[in-house]
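S.K.: Output the structure for:
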Amino acid sequence: MQKNIGKTTSNGEHTRSVPFEELYWSELRDKKFAEGFLEASLEEAGEPRLFPLALQDIIKANGGFSTVARKVGMQREALYRAVSLKTTPKIHVVLAILKALDLHITIPPFQAAKPRRKPALIGSKPRAKRVVRQTA
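M.R.: Numbers count the residues shown, from 1 in each chain. Prediction:
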């Protein structure tokens, strides 16, 4: 039984609140929200695991892995593996999932990470540069 939780209005009536889980899954079924959700997960360049997690939740909200796997034309277990955190999703599988769910996203440009310099070994001396002398 659901409790009536929410604010009390000025006339003493309660406004009904919606549980977070119910709202979350219903929002992910909305096409525009799901597209924005995926794009936001891609913008977080520092955390590459967000995109597969976002894709998993959108799959769950849109009928589950069995339903989406059927639409994509692959086995349910293969779809699980394709979007798991243990692997990097292949682009052709991601595109097939997006097509099956009729989602269109824009991939933002990634900032290239600055190359790191190799740390100097402790106690090592810098090597002398080799000088090549030219004779005239």
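
S.K.: Residue 104 belongs to a strand?
M.R.: No: counting by DSSP: H, G, I helix; E, B strand; the rest coil, residue 104 falls outside a strand, being coil.

S.K.: In the lowest-mean-pLDDT helix or strand in the chain, which residues are buried?
M.R.: The helix or strand of the chain with the poorest confidence is helix 20-29; it has a mean of 91 (mean pLDDT, DSSP states H and E). For helix 20-29, burial by neighbour count (16 or more other CB atoms under 10 Å) applies to residue 28. The C-beta positions use only the backbone N, C-alpha and C, and glycine is treated the same way.

S.K.: Can you tell me which residue is spatially central in this structure?
M.R.: Most central in the chain under CA atoms, centre = their mean is residue 51, positioned 1.2 Å from the mean C-alpha point.

S.K.: ok, back up a step: any idea which helix or strand comes after the least confident helix or strand of the chain?
M.R.: helix 31-43 (DSSP states H and E).

S.K.: Identify all contacting residues around that following helix.
M.R.: Residues from elsewhere that reach helix 31-43, judged by CB atoms under 8 Å, 6 or more residues apart in numbering: 27-28, 50-51, 53-55, 57-58, 61-62, 101-108.

S.K.: now the angle from that helix to helix 20-29?
M.R.: 90 degrees (axes from the mean of the first three to the mean of the last three CA atoms, to 10 degrees).

S.K.: residues of helix 31-43 that come out buried?
M.R.: For helix 31-43, a neighbour-count test (16+ other CB under 10 Å) marks 34-35, 37-38, 41-42 as buried.

S.K.: TSV for those, including pLDDT?
M.R.: Formatted as TSV, these follow (pLDDT from 0 to 100):
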residue	pLDDT
34	96
35	95
37	94
38	94
41	90
42	88
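
S.K.: now for these, which pair is the farthest apart?
M.R.: 34 and 42 (13.0 Å; CB to CB).
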